Structures are given as structure tokens and as C-alpha cells.
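Novice: Can you look at this prediction? I've put the sequence above it.
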Amino acid sequence: MSAEHKFLAVYLGSMSGEKMKAWHAMPEAERKAREREGMAAWHRWVEKHKDVIVEMGGPLGKTRKIDANGIAEVSNALTGFTVVRAASQEAAAKLFENHPHFAIFPGEAVEVMPVLAIPQM
């Protein structure tokens, strides 16, 4: 793979998981300090990887599922996304090791997958 391959990183977390429960159980002043620490760390991560970030992405809101039965509000673990460029999926994954999403904030994981080309007809 060349350095031009794109990878979608999705941030995962649970509003009812243990990490989130512990986050909300913190005294407000401590939680606010952790939020400031986390945002500073996130900005440092962005600055460090700015040359390979294709789309910064951002937090995700409520989800609606559309299928043959219509439209329904659903819940999932997706909390945000970023698109990066890397030589391989392993190299893309390494960009997210110890990411503030789960190292400081109560996020649970980051999943990285290749963005594949649309097949030609």
C-alpha cells in the first residue's frame, strides 16, 4: 500500500459503560480539569499527525437507521470519526495508540478500517 491509502477511524464509547459511570461520578472540578487535559492532549495529537489527517471529522450525534421498514432512532457505540492517510492499516492503527479518546476521556476504543475504492463497472 502506498502512503495515499485512506483509513476511517471511528471512536467508540458507551453512555452506560463503566468508564462513563466513573467519569460522571468524579467531582465536577476534577472532571472539568480532566476535560481540559483531554482537549489539550487531543490538540497535541492533531498537531503531531496533521500531515496525515485527511478529514478531522468530529463527534457524532444521535443515530437514525433507515431500512425497508422505514426510519427509526437507534443506539450504537459510535461517538466520532477521523479519516487519516497511511501506508498500511497497521500504520494507521498505530496513530491512535494511547489516544486521548480512551487514555483520558471515558471513550472505550478506536477502530480503524480502510476506505476502499468503489468498484468500476
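Specialist: It's in.

Novice: Please count neighbours and contacts with C-alpha atoms only from this point.
Specialist: OK.

Novice: Now name the helix or strand holding residue 40.
Specialist: Using DSSP states H and E, residue 40 sits in helix 28-49.

Novice: For that helix, buried residues please.
Specialist: By 16 or more other C-alpha atoms under 10 Å, the buried positions in helix 28-49 come out as 34, 38-39, 41-42.

Novice: out of everything not next to it in sequence, what's closest to residue 104?
Specialist: Among residues not flanking residue 104 along the chain, residue 38 sits closest, at 5.6 Å (C-alpha to C-alpha, 6 or more residues apart in numbering).

Novice: Where does the prediction get shaky in the protein?
Specialist: Applying pLDDT under 70 to the chain flags the ranges 1-3.

Novice: at 90 what do you get?
Specialist: In the predicted model, the chain carries pLDDT under 90 at residues 1-4, 15-17, 121.

Novice: Show me where it has its helices.
Specialist: Counting by DSSP state H, residue ranges of the helices within the chain are 18-25, 28-49, 89-94, 100-103.

Novice: All good on my end, thank you.
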